[in-house]
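A.B. asks: Fold the following.
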Amino acid sequence: MKQPDYLPMKQHELAQALGIEDKEKRRSMRHQLYELEDRGTIVRLRKNRWSLPNRENRMTGVVKMLPKGGAVIISDDPDVEEVFVGARNLGLAFPNDIVEVERYHSAYGERSDSSKANGRRSEGRVTGVIERRMLEMVGTLKKARYHYFVTADDPNFPHSVRVSDCEHIEKNHKVLVRLDPWTDPYQAITGIIVDDLGEASAPGVDVDSMLRGAGIEEAFPDRVIAEAEAIPKEIPLSMMEGRRDLRKEVIFTIDPDTARDFDDAISLEPHPDGGWQLGVHIADVSAYVKPGSALDTEGYKRGNSIYLVDRVVMMLPTELTTQICSLNPNEDHLTHSAYIHLSDNGERLGYETFPAVIHSQCRMTYKQVQKHIDGEEGHQIPTFIQERLNNLYPLIRKVRRNRIQQGSLEINTPDVEIKLNERGEVESMIPRSAAKEAYQLIEDCMLLANRAVAEKLMEADRPALYRIHEEPDEEQWNKMAMELNALGIPVLPRSRKELNEAFALAEGTPTEYTALLAILRNFKRAEYAARQVGHFGLAFEDYTHFTSPIRRYPDLVVHRLLKSIEKNSPPKLSKENIEEIAAHCTETEKKADELEKKSTEKKRLDYYNGLLKAGKNSTFNGFIVGIKKRGMVIELPDSLQRGMVAFASIRSEWLEADDTLTEVANREGTTRYRLGDPLEVMIAKVDTERALLDFMIPGEPQKRTRHGRKPRIEPDLRSGKAKSPTKKGRRRRKR
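C.D. replies: Numbers count the residues shown, from 1 in each chain. Just a heads-up that it's a prediction; the model follows:
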């Protein structure tokens with residue numbers, strides 16, 4: 001078939017060309033052809049002719065399963081269009097596998113191109129798995145009549161897995177399964193249980209299962225723990241060499257109430273040349289975690305700490321994060337510090353960076369500092385620290401004002417603090433709006449330090465790691481403008497200045513939060529990169545991450561790069577090395593964000609499910625934050641819980657979304673709902689397995705059919721009235 005003059009042959013023609021006359025050998029050849037076809041090595045064309053596959057019609061990409069079945073295959077090349085693969089054409093593919101796909105022939109492509117308005121994609125079939133990424137899965141153990149099987153927690157894994165030798169494990173326990181090689185799509189998937197995670201409803205098992213399903217081990221390997229424990233608790237004299245001694249300077253930390261590690265501290269003194277000297281002192285993790293060590297390898301693998309609703313999965317062991325590196329008060333600690341010279345008006349006049357040793361004199365919380373800012377009593381802040389805060393707060397307010405005037409976006413994303421009881425159940429959900437100014441105070445100090453370090457890396461003209469945020473593309477700008485206009489905000493944004501105008505117009509109105517979402521969901525995601533393109537959201541030409549090396553591996557790398565520049569030693573990382581680190585850490589950050597979101601969603605859903613089962617389903621005040629073809633997405637501001645009000649559940653009238661998905665109208669064409677409108681809802685259904693919640697509008701009849709399904713009400717095109725569906729083809733029997 002590889003010969004240039006080969007023309008596709010049928011099976012008997014191939015046998016003749018190969019000189020195979022024996023009947024048994026021909027049967028064997030037929031089976032071999034089928035095996036080669038299954039592997040994607042050869043293909044069967046029209047009229048059963050065999051040939052090599054047309055590689056021009058092939059692509060490779062990552063499998064992203066769809067909730068309703070099938071998947072899309074996304075190529076690494078942004079110029080290659082994603083391909084839809086139906087469920088029966090997925091072959092041996094699992095979620096997130098790298099696969100080869102054969103796109104359908106050109107005739108289909110022409111048809112699909114002509115119907116893009118209908119949302120149809122290019123279609124194909126998986127011809128082979130290039131890299132199997134899912135080697136383990138987490139699920140619930142079930143028992144059939146003659147065998148045991150595990151149903152996956154991940155709704156995107158559409159298979160159950162048969163397991164054996166598990167009689168010692170109770171049913172409905174969460175288990176970790178190592179998957180056996182799967183080579184035949186017509187055979188069951190099998191696996192071996194390698195860990196019993198516990199009864200599904202036991203406290204903490206839900207989050208344990210989530211972590212193990214994502215391939216994350218909370219515990220550190222023994223060699224990593226041993227290396228951390230071998231680090232001396234006291235700072236040896238050898239590590240003090242070449243450092244500036246700042247132990248007599250008034251330095252303090254400000255962190256959340258629940259913080260266990262303190263990786264940044266600040267100080268403020270008058271500058272000898274006028275203005276102020278702001279000190280930003282960052283824990284020097286690079287002094288203890290050396291490249292190539294077990295600690296470094298594990299830190300790179302994890303990429304970052306993960307802050308879940310009931311725990312923190314640390315990037316580095318607690319010996320380092322809460323003791324040796326953490327800037328605990330009344331202790332000596334190593335830092336990498338930045339002095340930033342600020343004018344009385346908050347303008348930056350200069351900066352320097354250097355290794356140091358400090359002695360933090362006070363540990364404060366955001367709530368304490370906020371009380372001081374608000375002039376309240378009972379904050380318990382020492383007088384000598386209050387004097388610094390009295391100068392620091394107005395100065396940093398001017399820094400923030402200048403930053404926003406220069407185009408930086410003032411984005412205040414809402415957050416909810418979830419408190420759990422001893423059983424791991426939600427005890428309370430409180431919007432995290434308190435201590436806003438205290439938080440912004442520290443945020444702007446850290447931004448000043450990050451920006452100074454980024455400029456120093458740029459000036460050195462060496463390979464370096466940056467934090468970049470690219471400007472929205474044309475399609476994102478257009479969608480943003482359409483959604484803002486639907487909210488009654490007459491802005492067609494094309495710049496940061498116009499976005500801040502939109503924020504100002506929405507501030508204090510019922511659409512404030514929805515307007516924020518309309519802008520944020522049309523932003524590109526910030527990421528790590530070996531190139532510097534600036535940070536669009538902050539309006540900085542140069543920016544990096546430097547201030548959290550305890551919980552972010554990129555910051556640790558930046559510390560090493562900065563030290564190399566300060567010592568004028570040759571760079572130890574090439575651009576290719578840094579590109580690899582940047583890509584890896586961007587992915588681990590995405591995974592951490594997804595897990596943090598999932599852990600919060602799981603607890604919230606369990607909470608609302610409990611209310612529903614207990615009959616405490618009162619009404620909730622929400623906002624319409626999205627409109628889809630089949631319903632409206634509602635968010636409750638008190639908990640940030642989202643759910644869908646399906647049009648099919650509104651029986652009082654026929655509703656339909658417009659083409660822009662910003663308005664909902666009835667059959668008379670009257671607009672009934674708009675994006676951003678407040679809406680009172682009740683909970684209709686909670687699906688904890690699929691992480692879905694359905695709302696309903698109070699007062700709407702919830703009549704169900706005999707089989708428990710709500711009948712869909714459709715318009716009668718002749719009368720203009722709604723009618724219930726009837727069975728087609730049924731005729732009255734003549735008697």
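A.B. asks: For the stretch 351-500 of the chain, give me the ranges with low pLDDT.
C.D. replies: Counting by pLDDT under 70, the low-confidence segments of the stretch 351-500 of the chain come to 433-434.
A.B. asks: Which residue ranges of it form strands?
C.D. replies: With strands called from DSSP state E, counting those that start in this stretch, the stretch 351-500 of the chain shows them at 362-365, 416-420, 426-431, 466-468.
A.B. asks: Work out for me the element Ile519 sits within.
C.D. replies: For Ile519, the host element (DSSP states H and E) is helix 512-520.
A.B. asks: Need the contact partners of the helix or strand just after that helix.
C.D. replies: In the C-terminal direction, the helix or strand that comes right after helix 512-520 (DSSP H and E) is strand 527-529. Identification of contacts with strand 527-529 by C-beta atoms under 8 Å, 6 or more residues apart in numbering yields 465-469, 545, 554, 579, 581-583, 585-586, 589. Every C-beta, even on glycine, is put in place using the N, C-alpha and C of the backbone.
A.B. asks: hang on, the earlier thing: buried set for the helix holding Ile519?
C.D. replies: Burial within helix 512-520, assessed by neighbour count using 16 or more other C-beta atoms under 10 Å, is assigned to 512-519.
A.B. asks: what's next to it, contact-wise?
C.D. replies: Counting by C-beta under 8 Å, 6+ apart, the neighbours of helix 512-520 from elsewhere in the structure are 411-414, 480, 483-484, 487, 489, 493, 499, 502-503, 505-506, 623-625, 635, 637, 675-676.
A.B. asks: Turn the contacts of strand 527-529 into TSV, including distance to Pro291.
C.D. replies: Listed next are these as TSV, based on distance: C-beta to C-beta, whole Å:
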residue	distance to Pro291
Leu465	14
Tyr466	20
Arg467	21
Ile468	24
His469	28
His545	18
Pro554	14
Glu579	17
Ile581	11
Ala582	16
Ala583	18
Cys585	15
Thr586	20
Glu589	21
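A.B. asks: Would you mind listing the buried residues in stretch 539-551?
C.D. replies: 539-540, 542-551.
A.B. asks: Just the C-alphas of that stretch, formatted as CSV.
C.D. replies: The C-alpha atoms that make up stretch 539-551 are tabulated as CSV, following Å, rounded to 0.1, in the frame of the first residue of the first chain:
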residue,chain,number,x,y,z
ALA,A,539,-2.1,48.3,32.7
PHE,A,540,1.5,47.3,33.4
GLU,A,541,4.1,47.0,30.6
ASP,A,542,6.2,44.7,32.8
TYR,A,543,4.8,42.3,35.4
THR,A,544,5.7,39.0,37.1
HIS,A,545,4.9,37.0,40.2
PHE,A,546,7.4,37.4,43.0
THR,A,547,5.5,37.7,46.3
SER,A,548,4.3,34.2,47.1
PRO,A,549,7.1,31.6,46.7
ILE,A,550,5.7,29.5,49.6
ARG,A,551,2.6,28.7,47.5
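A.B. asks: if we can go back for a sec, if you compare the strands of the stretch 351-500 of the chain, which one is most tucked away?
C.D. replies: Across the strands of the stretch 351-500 of the chain, the average number of neighbours (mean count of other C-beta atoms under 10 Å) peaks for strand 466-468, which reaches a mean of 23.
A.B. asks: List buried members of the contacts of strand 527-529 by neighbour count.
C.D. replies: For these, burial is judged from neighbour counts taken by 16+ other C-beta under 10 Å, and it is met by 465-469, 545, 554, 579, 581-582, 585-586, 589.
A.B. asks: just the contacts of strand 527-529 now: which is nearest Gly124?
C.D. replies: Nearest to Gly124 among those is Ala583, at 26.5 Å by C-beta to C-beta.
A.B. asks: Which residues are in contact with the closest one?
C.D. replies: Tyr528.
A.B. asks: what's the distance between it and Glu471?
C.D. replies: 21 Å (C-beta to C-beta, to the nearest Å).
A.B. asks: For stretch 239-249, list every residue counted as buried.
C.D. replies: Those would be 239, 243, 246, 249, for stretch 239-249 by 16+ other C-beta under 10 Å.
A.B. asks: give me every residue that touches the third one.
C.D. replies: Okay, so that is Leu246. Applying C-beta under 8 Å, 6+ apart, one finds that Leu246 lies in contact with 267, 279, 281, 335, 337, 356-359.
A.B. asks: out of the residues you listed, who's nearest Pro53?
C.D. replies: Sorting the contacts of Leu246 by distance to Pro53 puts Thr335 at the head of the list, at 59.1 Å, by C-beta to C-beta.
A.B. asks: For the closest one, name its beta-bridge partners.
C.D. replies: Under the criterion DSSP bridges, Thr335 forms beta bridges with Ala283, Ala356.
A.B. asks: Mind pulling up the pLDDT for it?
C.D. replies: pLDDT for Thr335: 98.
A.B. asks: again with Pro701
C.D. replies: 61.
A.B. asks: How far away from the center of its chain is stretch 402-416?
C.D. replies: Going by C-alpha atoms, centre = their mean, to the nearest Å, the spacing between the C-alpha centre of stretch 402-416 and its chain's C-alpha centre is 21 Å.
A.B. asks: Which secondary structure element of the protein has the lowest mean pLDDT?
C.D. replies: strand 714-715 (a mean of 38; mean pLDDT, DSSP states H and E).
A.B. asks: Report the buried residues of stretch 291-305.
C.D. replies: Neighbour-count burial for stretch 291-305 flags 294-300, 302-305 (criterion: 16+ other C-beta under 10 Å).
A.B. asks: ugh, typo on my part, it should be stretch 169-188
C.D. replies: Along stretch 169-188, the positions that meet the burial threshold by neighbour count (16+ other C-beta under 10 Å) are 173-177, 179, 182.
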